[in-house]
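Colleague: I would like the atomic coordinates for the input below:
(one chain, ligands or ions: 1)
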Amino acid sequence: MSEISESFFQLMENHSSVRSFRAQAVIPAEHERRIVSAAQRSSTSCNLQTYAFLSIKDPGTRDALAEVCGGQRFIREAGLFFVVCVDLHKMEIVTSRAGYEYYQARYLESFLMSAMDAAIAAQTAALAAEALGYGICLVGSIRNHSDRAIQILQLPPRLFPLVGLCVGVPLRENQPNQPRPRLPLEGVLFQERYDPDRVEAAIRSYDRTMEQTGCYCGREFSLQEVAVAAGETRREDSRPAGPGGYGWIEHSARRVCSRNPEHARPNLSAVLRQAGFGLE
Ligand SMILES: Cc1cc2nc3c(=O)[nH]c(=O)nc-3n(C[C@H](O)[C@H](O)[C@H](O)COP(=O)(O)O)c2cc1C
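Modeller: Numbers count the residues shown, from 1 in each chain. From the prediction side, this is the model:
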């Protein structure tokens with residue numbers, strides 16, 4: 001492997017999200033442009049490039065967006081905070097310039113295609129920022145209250161704030177976070193056919209690995225908001241007794257069974273329709 005490939009793999013393998021930044025550290029405009037130019041090199045469906053990066057520097061707007069995102073302080077402190085948007089407004093311009101009816105705007109596929117492109121571009125931007133030595137954190141909680149985010153950003157129709165991206169100088173620059181373990185590869189990579197038994201084994205093994213990291217201590221999702229399956233009794237304790245303890249299974253299960261609207265985001269389809277996206 002060439003030296004360049006080796007250092008690229010090292011960069012990816014050492015990734016961990018950073019959630020505390022040096023608040024005063026200014027990121028040069030040149031770096032901001034390089035990060036987004038790199039993101040633009042991402043593959044993009046049919047070369048449509050239907051995404052936009054809004055770089056938010058105004059402290060009032062940052063504060064308001066941090067509030068939307070559940071008050072996560074690091075959004076105020078990061079040197080850069082991008083809101084990566086699905087941008088079908090661009091296709092509105094294209095279709096009207098060409099004199100056609102924007103027929104596919106009514107279909108979910110248009111939103112999905114654009115959301116994939118935006119997400120891929122956001123990840124490329126994240127890697128580019130890490131290659132420049134910055135720490136990053138993607139921020140999906142911008143969708144906690146998408147309607148408010150749209151309002152704050154005064155987005156025109158057919159724009160949707162998909163994910164935030166914080167870029168900054170890590171507060172503990174010389175003590176990088178430990179990369180967070182991932183599922184065993186056996187639960188992710190399959191030859192020809194998906195194998196549910198291997199997935200089950202991978203999940204059980206990963207559950208123990210994650211519990212041992214201690215990363216959930218003090219970060220347990222509240223049981224009060226969790227929808228309990230029929231026939232199960234609601235547990236009272238935030239750290240359930242029993243063989244499972246509180247590992248990846250319990251944490252992830254609580255996350256995806258939470259009735260908290262900031263997790264379930266039940267108004268998303270209404271907000272999307274309101275913003276001019278068809279979901280047929
Ligand atoms: C689409 C997306 C949205 C995310 N949203 C948030 C967020 O709102 N707040 C946060 O602290 N981390 C967020 N993260 C970071 C994940 O929590 C993190 O990537 C995951 O726990 C794995 O940890 P690692 O990145 O340190 O390896 C998000 C990540 C992705 C990919």
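Colleague: touching the ligand at all, stretch 52-68?
Modeller: No. Stretch 52-68 stays clear of the ligand (CB under 6 Å from any ligand atom), getting no nearer than 10.5 Å. Placement of C-beta: from N, CA and C, glycine included.
Colleague: list of residues touching that stretch?
Modeller: 32, 36, 39, 72-73, 75-76, 80-85, 87, 121, 125, 141-142, 144-145, 148-149, 152-153, 159, 161, 164-165 (CB atoms under 8 Å, 6 or more residues apart in numbering).
Colleague: flag every buried residue along that stretch.
Modeller: 52-56, 61-62, 64-68 (16 or more other CB atoms under 10 Å).
Colleague: in the protein, what residue is nearest the ligand?
Modeller: Going by CB to the nearest ligand atom, the ligand is nearest to residue 140 of the chain, at 2.9 Å.
Colleague: show the backbone phi and psi for that residue.
Modeller: When read as degrees, to the nearest 10, the backbone of residue 140 gives phi -80, psi -20.
Colleague: ok, back up a step: may I see the buried residues of stretch 52-68 arranged in a markdown table, with pLDDT, secondary structure and distance to residue 227 as well?
Modeller: Output for the buried residues of stretch 52-68, formatted as a markdown table (pLDDT from 0 to 100; DSSP: H, G, I helix; E, B strand; the rest coil; distance: CB to CB, whole Å):
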| residue | pLDDT | secondary structure | distance to residue 227 |
| --- | --- | --- | --- |
| 52 | 99 | strand | 36 |
| 53 | 99 | strand | 36 |
| 54 | 98 | strand | 35 |
| 55 | 98 | strand | 38 |
| 56 | 98 | coil | 35 |
| 61 | 98 | helix | 35 |
| 62 | 97 | helix | 34 |
| 64 | 98 | helix | 31 |
| 65 | 98 | helix | 29 |
| 66 | 97 | helix | 29 |
| 67 | 97 | helix | 27 |
| 68 | 97 | helix | 24 |
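Colleague: which parts of the chain sit against the ligand?
Modeller: 15-17, 19, 72, 137-141, 163, 180.
Colleague: most neighbours out of these, which is it?
Modeller: residue 139 (29 neighbours; other CB atoms under 10 Å).
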